[in-house]
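[1] Mind looking at a prediction? Sequence and model below.
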Amino acid sequence: MKNPEQTIGNLVEKSTTTFIGYIDKEGFPITKAMLKPRERQGIRVFWFSTNTSSNKVKSFRENPRASIYFIDKRYYRGVSLTGTVEVLETKEAKERIWQDGDTMYYKGGMEDPDYCVLKFTAIKGRYYSNFHSEDFEI
């Protein structure tokens, strides 16, 4: 992969679903499908909206280690990014990624106590394409 930032960035932009992985309280890995990130900074930082009451948020408060996975189904390629998650409940973080229509999920708007932000920061990744995998640092 000549340019990870561009190659991975393009794959992320085409993905409609993100898979997020976390470790539950018994030490088992859990994978959950989520909507695509609301915002990203290169291939290092990704911002997601989610429910404060979710199991993943409870788990991230105990153990911030995580992975996210994006797939391009058409060409059967994907990327796994490993890093950490911060659970953010500040007004600034909520405003940053709030979108029109989010009241469908969070009836109380940005002030809804069940609305929070996950900020994922990657430290490394693994890219798969054409029957070949490649590790990379971020």
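    Happy to help now that I have it.

[2] Tally up the residues packed near Tyr75, please.
    Tyr75 sits with 11 neighbouring residues when counted by other CB atoms under 10 Å. Quick note: C-beta positions are derived from backbone N, CA and C, even for glycine.

[3] doesn't Tyr128 make contact with it?
    No - with contact taken as CB atoms under 8 Å, Tyr75 and Tyr128 are classed as non-touching, separated by 10.5 Å.

[4] Show the backbone phi and psi for the most centrally placed residue in the chain.
    Per CA atoms, centre = their mean, the C-alpha nearest to the average position across the chain is that of Ile68, at 5.2 Å. When read as degrees, to the nearest 10, the backbone of Ile68 gives phi -130, psi 150.

[5] quick one: pLDDT of it?
    Predicted confidence (pLDDT) at Ile68: the value is 98.

[6] right, and it touches Phe19 too?
    Yes - using CB under 8 Å, Ile68 is in contact with Phe19, at 6.8 Å.

[7] Okay, now the unreliable bits of the protein?
    Low-confidence regions of the chain, defined here as pLDDT under 70, do not occur.

[8] Could you identify the longest strand within it?
    Scanning the chain for the longest strand, with DSSP state E as the assignment, gives strand 115-129.

[9] Next secondary structure after the lengthiest helix in the chain?
    Here the longest helix in the chain is taken by residue count, with DSSP state H as the criterion, and it is helix 4-14. Later in the chain than helix 4-14, the nearest helix or strand by DSSP states H and E is strand 17-23.

[10] what angle do that following strand and helix 4-14 make?
    Following axes from the mean of the first three to the mean of the last three CA atoms, to 10 degrees, one obtains 110 degrees for the angle between strand 17-23 and helix 4-14.
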